[in-house]
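Sequence plus the predicted model coming up.
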Amino acid sequence: MDRDDTIVKDVPYCSNPDDLKLYPGVSEAISKLNKAGFLVIMVTNQSGIGRGYFDVPRFEEMCVKLNADVVEGGGRIDDIFYCPHRPEDHCDCRKPEIGMGIKAIMKYGINPKRSYMIGDHDKDLEFGKRLGMVSLRVTENRSFVDNVNDIIERCKTDNSR
């Protein structure tokens, strides 16, 4: 899953953990994924690091706070992969490039054909599709929670996932 405008309201170049606020129902939705046997992995572009707005230790503080908020609601994020680069760096990890996905696949032995990507932006969907995942979009009318509920329903009817 993506982070900004997917599970939390986007605060541009957010460097304050207190500014990260989960959307309603996100913790519980993540818990549903956990209980269904999914690894819940966040992949997020964080060019604020490369631009000097905050450093890696500060980003890690935000991840600790985000995880604590998710745990408070009964869920858990299994891992977080991030790209610290600016778009003009042309790295292989900034979504829609698939470097973060390849790292997660290798680390956890993930089968991307049995995986989902949830995000709000074209680059998130392209990232998932390039890895062979089903990509689902968060919009004003379709939340992260709605997408998770669809995944859970698909799993009930499709034993291959």
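Ah, there it is.

Let me know how buried the residue nearest to residue 11 when sequence neighbours are not counted is, in neighbour terms.
Leaving aside its chain neighbours, residue 11 sits nearest to residue 19 (4.8 Å; criterion: Cβ to Cβ, 6 or more residues apart in numbering). All C-beta atoms are positioned from the backbone trio N, CA, C, and that covers glycine. By the criterion of other Cβ atoms under 10 Å, residue 19 has 12 neighbours.

So for residue 19, what pLDDT did the model give?
Note on residue 19: pLDDT of 94.

likewise residue 160?
At residue 160, the model reports a pLDDT of 49.

ok, now residue 156?
Note for residue 156: predicted pLDDT of 85.

How many residues are close by it?
Neighbours around residue 156, by other Cβ under 10 Å: 10.

Quick check: buried residues in stretch 136-151?
136-138, 143-145, 147-148, 151 (16 or more other Cβ atoms under 10 Å).

List just the nearest of these to residue 60.
Nearest to residue 60 among the buried residues of stretch 136-151: residue 144, at 22.7 Å, using Cβ to Cβ.

Show me how far the one helix or strand residue 59 maps to is from its chain's centre.
Per DSSP states H and E, residue 59 falls inside helix 56-72. The chain centre lies 13 Å from the centre of helix 56-72; the measure is Cα atoms, centre = their mean, to the nearest Å.

I'd like the next helix or strand past that helix.
Later in the chain than helix 56-72, the nearest helix or strand by DSSP H and E is strand 79-83.

Output the contacting helices and strands for that next one.
Strand 79-83 is packed against strand 41-45, helix 99-108, with contacts defined by 3 or more Cβ pairs under 8 Å, 6 or more residues apart in numbering; DSSP states H and E.

neighbouring contacts of the helix holding residue 59?
Applying Cβ atoms under 8 Å, 6 or more residues apart in numbering, the contact partners of helix 56-72 are 3, 8, 14-18, 20, 22, 26-27, 30, 46, 48-49, 76-77, 80, 82, 84.
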